[in-house]
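1. Predicted model follows, preceded by the sequence.
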Amino acid sequence: MNKYERQSRFPADQQTLPDDIADELSRLPSEVIELSGAPPLAPPVPLTHDEVRTIVISLMLTMFLAALDQTIVATALPTIGRQFGDVTNLSWVITSYLLASTAVAPVFGTLSDIYGRRAMIITSLSLFVVGSILCAIAPSMAMLILARGLQGLGGGGIMPVVQTVISDVVSPRERGRYQAYFSSVWMAGGILGPVIGGVFAEHLHWSMIFWINLPLAAAGLALLLPKMKKIPVFHRKREVDWLGGILLMASAVVFMLVLTWGGTRLSWLSPTITAMLGASIALAGAFVWHARRADEPFLPLSLLGGSVVPFAMCAGGCALGAIVGLTVHLPLYYEVVYHLSASEAGLALIPLAAISTCGAAIAGRTMAKAKHYKRVAIVGTSVAAICAVGMAVTTLPLWGLLTLMGVFALGLGTTFPVSVVSLQNSVARAQVGTVTGAMNFFRALLASFTVAAFTTILLMTLGSDISLASEHHGAAGAVSAIPVADMITAFRYVFAAAAALLTTAAVCMIIMEERPLAGPGTAPVEMAE
């Protein structure tokens with residue numbers, strides 16, 4: 001008898017297994033694993049240089065939409081208020097967009113890891129376009145505010161999904177250079193927005209600031225969608241933790257309202273602000289409690305730990321908070337101390353916005369070549385902190401301040417590509433969308449907190465009777481009545497706060513673990529877990 005013949009004379013269906021083997025087999029799992037949501041087992045065909053370029057251009061156009069719409073409305077607000085005969089609620093045209101876009105950033109990031117980038121980019125752009133149409137045809141201020149909220153839902157999803165798509169098509173070592181491109185697009189949108197909005201409102205009609213979104217969105221989708229099928233698939237379908245997402249969004253919305261109203265419309269110690277802050281904390285606590293007990297939470301708390309993610313988020317948030325806070329408040333300083341007009345003060349902001357993109361470009365190119373890539377951000381944030389200290393302790397002529405502000409912006413800009421790429425490089429590919437959405441969410445919260453903190457500093461120093469909100473009629477008169485010496489003193493504290501933020505960013509960059517970045521052709525395609 002050879003080894004391939006049956007060893008028993010009894011039929012197989014009449015034989016019984018030994019008890020120990022039967023018991024062991026009975027304990028083996030017998031569930032059927034669903035693989036429909038898993039990525040393909042075969043590695044995708046690499047994208048060509050032309051395909052990557054087409055995808056990047058379409059994503060830049062898409063991000064330009066979101067960046068433009070955050071500022072294009074500002075200069076048209078007086079015209080809108082006159083048409084609807086409602087000035088008191090004008091600030092809600094900005095606030096509703098900001099609240100919605102901040103709250104949904106982690107939602108779109110997580111959903112892109114569940115349903116894929118293509119579905120989420122189409123969803124976010126569709127919401128944005130529908131919101132734009134409703135804004136353009138809004139018959140009243142109330143409808144305009146609601147439509148701006150819908151537009152914000154789409155705009156808030158664009159940023160994290162775009163950054164996630166870039167992580168899918170570009171290797172970590174090259175990704176910093178592309179992040180610098182997107183930083184320049186974001187800054188360009190922020191600079192051009194008020195100019196375009198003012199031209200449309202004055203020479204055409206204010207609704208054009210919303211109609212212009214339609215051809216831009218159509219062009220972006222026409223370029224992007226044909227290439228989306230070739231983008232590597234890293235998402236993993238699973239059950240969505242809607243309760244966790246709702247708790248997180250509710251906590252964020254209430255906290256943003258606290259930052260928006262506190263110190264301006266309501267006193268920080270008023271019962272309303274205190275109750276809202278307590279509600280925000282309670283909702284955040286409920287989210288944490290739920291996330292610890294859910295099998296697959298909306299935002300895994302473990303994802304926010306480790307030696308990279310929290311420090312990258314903090315560094316990027318501090319840098320963004322500093323530049324946004326100064327951008328909002330510096331026109332006041334320019335008008336009072338250097339007697340610039342409103343338009344001249346706006347032009348004086350260009351060094352802060354434009355040169356920061358140069359810093360991002362330098363950091364991005366450094367990341368593509370240097371082994372110790374985070375050193376450029378450590379040096380940059382340290383130099384920016386020193387510049388902020390210099391602005392706090394000395395009173396410079398305008399040219400001197402603008403020069404120091406340019407160096408400050410150059411150093412600050414190095415933080416953004418290093419923090420984003422380091423964060424995305426530290427998690428599994430199936431979680432890049434989730435962590436990117438969380439990053440944008442916490443950055444937006446920290447930026448809003450910084451703006452509120454800078455406003456509080458100025459109000460405490462100059463006096464609470466000074467109006468710093470542009471929508472108040474008495475703002476211009478109140479600004480002209482502020483003594484120059486008082487404004488210089490007040491901004492010493494503002495610049496000192498900016499220095500503290502950049503120092504915190506530098507410390508975070510020093511502590512953050514510097515993990516190797518995979519370059520083109522050196523890293524295999526990493527499949528979702």
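-> Looks like it came in fine.

2. Extract the residue ranges of the stretch 351-500 of the chain that are flagged as low pLDDT.
-> 463-481 (pLDDT under 70).

3. just the helices in it please.
-> Assigned by DSSP state H, counting those that start in this stretch, the helices in the stretch 351-500 of the chain fall at 375-393, 398-413, 415-425, 432-462, 475-480, 484-511.

4. Identify, out of the ones you listed, the most deeply packed stretch.
-> helix 415-425 (a mean of 28; mean count of other CB atoms under 10 Å). The way it works is simple: take the backbone N, C-alpha and C, and place the C-beta from them, glycine included.

5. Would you mind listing the outside residues contacting it?
-> Defining contact as CB atoms under 8 Å, 6 or more residues apart in numbering, one finds that helix 415-425 is touched by 163, 167, 172, 175-177, 179-180, 183, 308-309, 312-313, 315-316, 318-320, 360, 363-364, 367, 373-374, 376-377, 380-381, 432, 435-436, 439, 505, 509, 512, 514-515, 517-518.

6. For the helix or strand that contains V56, name the packing helices and strands.
-> For V56, the enclosing helix or strand under DSSP states H and E is helix 49-71. Helix 49-71 is packed against helix 91-115, helix 117-136, helix 141-169, helix 172-203, helix 213-228, with contacts defined by 3 or more CB pairs under 8 Å, 6 or more residues apart in numbering; DSSP states H and E.

7. worst average pLDDT in those helices?
-> Among the helices and strands packed on helix 49-71, helix 172-203 has the lowest mean pLDDT, at a mean of 72.

8. And the next helix or strand past it?
-> helix 208-211.

9. for the record, mean pLDDT for that following helix?
-> 83.

10. If you count contacts, what does it end up packed against?
-> For helix 208-211, the packing partners by 3+ CB pairs under 8 Å, 6+ apart come out as helix 117-136, helix 172-203.

11. Using the record's domain definitions, break the protein down for me.
-> Domains of the chain are assigned by automatic domain parsing as 45-223, 242-297, 299-516.

12. re earlier: nearest to T71, of the helices and strands packed on helix 208-211?
-> With CB to CB, the closest approach to T71 among the helices and strands packed on helix 208-211 belongs to helix 172-203: 3.1 Å.

13. Work out the gap between that closest one and the centre of the chain.
-> Centroid separation for helix 172-203 versus its chain: 14 Å, with CA atoms, centre = their mean, to the nearest Å.

14. rewinding a little: in TSV, list the helices and strands packed on helix 49-71 along with mean neighbour count and distance to I457.
-> Shown next, in TSV, are the helices and strands packed on helix 49-71 (neighbours: other CB atoms under 10 Å; distance: least, CB to CB, whole Å):
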stretch	mean neighbour count	distance to I457
helix 91-115	24	21
helix 117-136	21	34
helix 141-169	24	28
helix 172-203	20	23
helix 213-228	17	36
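
15. closest one to G262 among the ones you listed?
-> helix 91-115 (13.1 Å).

16. Counting by contacts, list what the closest one packs against.
-> Applying 3+ CB pairs under 8 Å, 6+ apart, one finds that helix 91-115 contacts helix 49-71, helix 77-84, helix 117-136, helix 141-169, helix 242-261, helix 432-462.

17. ok and it relative to helix 432-462, angle-wise?
-> Between the axes of helix 91-115 and helix 432-462, defined by axes from the mean of the first three to the mean of the last three CA atoms, to 10 degrees, the angle is 160 degrees.

18. tell me the angle of helix 91-115 relative to helix 117-136?
-> Orientation check (the same axes, to 10 degrees): helix 91-115 against helix 117-136 gives 160 degrees.

19. now the helices and strands packed on helix 49-71 as CSV including distance to R293?
-> Listed next are these as CSV, based on distance: least, CB to CB, whole Å:
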stretch, distance to R293
helix 91-115, 18
helix 117-136, 27
helix 141-169, 26
helix 172-203, 33
helix 213-228, 36
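
20. For V324, which of those helices is the nearest?
-> When the helices and strands packed on helix 49-71 are compared by CB to CB, helix 172-203 sits nearest V324, at 9.5 Å.

21. Put the alpha carbons of stretch 163-171 into CSV.
-> Extracted C-alpha coordinates of stretch 163-171, given in CSV (Å, rounded to 0.1, in the frame of the first residue of the first chain):
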residue,chain,number,x,y,z
GLN,A,163,-5.7,66.1,1.2
THR,A,164,-6.6,62.4,1.5
VAL,A,165,-6.6,61.9,-2.3
ILE,A,166,-3.2,63.4,-2.5
SER,A,167,-1.9,60.9,0.0
ASP,A,168,-3.3,58.1,-2.2
VAL,A,169,-1.5,59.2,-5.4
VAL,A,170,1.8,60.7,-4.1
SER,A,171,4.4,59.0,-2.0
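
22. re the thing from before, chain center to the helix holding V56, what's the gap?
-> 15 Å.

23. what about the helices and strands packed on helix 91-115, which gets the closest to G109?
-> helix 432-462 (1.7 Å).

24. Quick one: list the elements packing against the closest one.
-> helix 91-115, helix 141-169, helix 242-261, helix 309-337, helix 415-425, helix 484-511.

25. what angle do that helix and helix 242-261 make?
-> Angle of helix 432-462 versus helix 242-261, following the same axes, to 10 degrees, is 20 degrees.

26. ok, back up a step: can I get the domains of the chain in JSON lines with distance to K229?
-> What follows is these, written out as JSON lines (distance: least, CB to CB, whole Å):
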{"stretch": "domain 45-223", "distance to K229": "8"}
{"stretch": "domain 242-297", "distance to K229": "27"}
{"stretch": "domain 299-516", "distance to K229": "18"}
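
27. show me what contacts V52?
-> Residues near V52 by CB under 8 Å, 6+ apart: V169, V170.

28. tell me the pLDDT at it?
-> Reading off the model, V52 has pLDDT 76.

29. any idea how far L65 is from G262?
-> For G262, the distance to L65 equals 31 Å [CB to CB, to the nearest Å].

30. V484 contacts E335, doesn't it?
-> No: assessed by CB atoms under 8 Å, V484 is found out of contact with E335, at 10.7 Å.

31. contacting residues around L502?
-> C318, A319, A322, T381, S382, A384, A385, A388, G411, L412.

32. ok so, going back, closest to A345 out of the helices and strands packed on helix 49-71?
-> Closest to A345 of the helices and strands packed on helix 49-71 is helix 172-203 (CB to CB; 11.6 Å).
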